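Novice: next come a sequence and a model predicted from it.
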Amino acid sequence: MPKVKTYPWDAADHIETAEDAILFLKISLEDYDSTFNALMDCIARSKGVAEIASLVCHEAGDGNRSITITTISGAETTIAIAPEVDVDSIRRAFTPAPAPASP
């Protein structure tokens with residue numbers, strides 16, 4: 001039996017735009033399953049933890065105090081969100097605004 005050749009693949013390397021991050025995150029938010037932490041880790045590594053925290057806190061109407069996202073390279077992502085920041089705030093932060101109506 002021939003050997004199967006494998007190559008390293010990291011989803012974070014393929015998140016290039018905010019829209020990529022939004023689409024990636026929407027997948028996990030639909031059912032809030034175990035992939036949520038893995039997806040947040042990929043997004044945080046591709047875009048930076050500060051940018052993610054800023055988006056979510058802006059949606060929640062709270063400076064940068066309500067959310068802490070800690071990623072540890074090579075380990076599971078830990079996401080601690082204060083009670084006043086709910087999943088809906090995260091959803092809104094990653095939902096694109098509707099396209100303007102055509103004239």
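Specialist: Cool, got the structure.

Novice: quick one: mean pLDDT over the helix or strand containing I43.
Specialist: Using DSSP states H and E, I43 sits within helix 35-47. Averaged over helix 35-47, pLDDT sits at 68.

Novice: what about this structure, any weak spots by pLDDT?
Specialist: Along the chain, segments meeting pLDDT under 70 span 27-41, 47-99, 102-103.

Novice: doesn't F24 make contact with R45?
Specialist: No - counting by CB atoms under 8 Å, R45 sits too far from F24 to count as a contact (11.8 Å). For glycine as for every other residue, the C-beta is placed from the backbone atoms N, C-alpha and C.

Novice: who's more crowded, those two?
Specialist: Set R45 next to F24 and count neighbours by other CB atoms under 10 Å: F24 wins out with 20 against 17.

Novice: how many other residues sit next to the nearest residue to A11 once chain neighbours are set aside?
Specialist: Counting by CB to CB, 6 or more residues apart in numbering, A11 lies nearest to C42, which is 4.4 Å off, once chain neighbours are set aside. Residues contacting C42 under the criterion other CB under 10 Å number 22.

Novice: what of I43?
Specialist: 27.

Novice: and it, what does it touch?
Specialist: Shown in contact with I43 (CB atoms under 8 Å, 6 or more residues apart in numbering): A12, I15, A21, F24, L25, I52.

Novice: ok, of those, which one's closest to P2?
Specialist: A12 (30.7 Å; CB to CB).

Novice: in contact with the closest one, which residues?
Specialist: So A12 contacts D41, C42, I43, R45, S46 (CB under 8 Å, 6+ apart).
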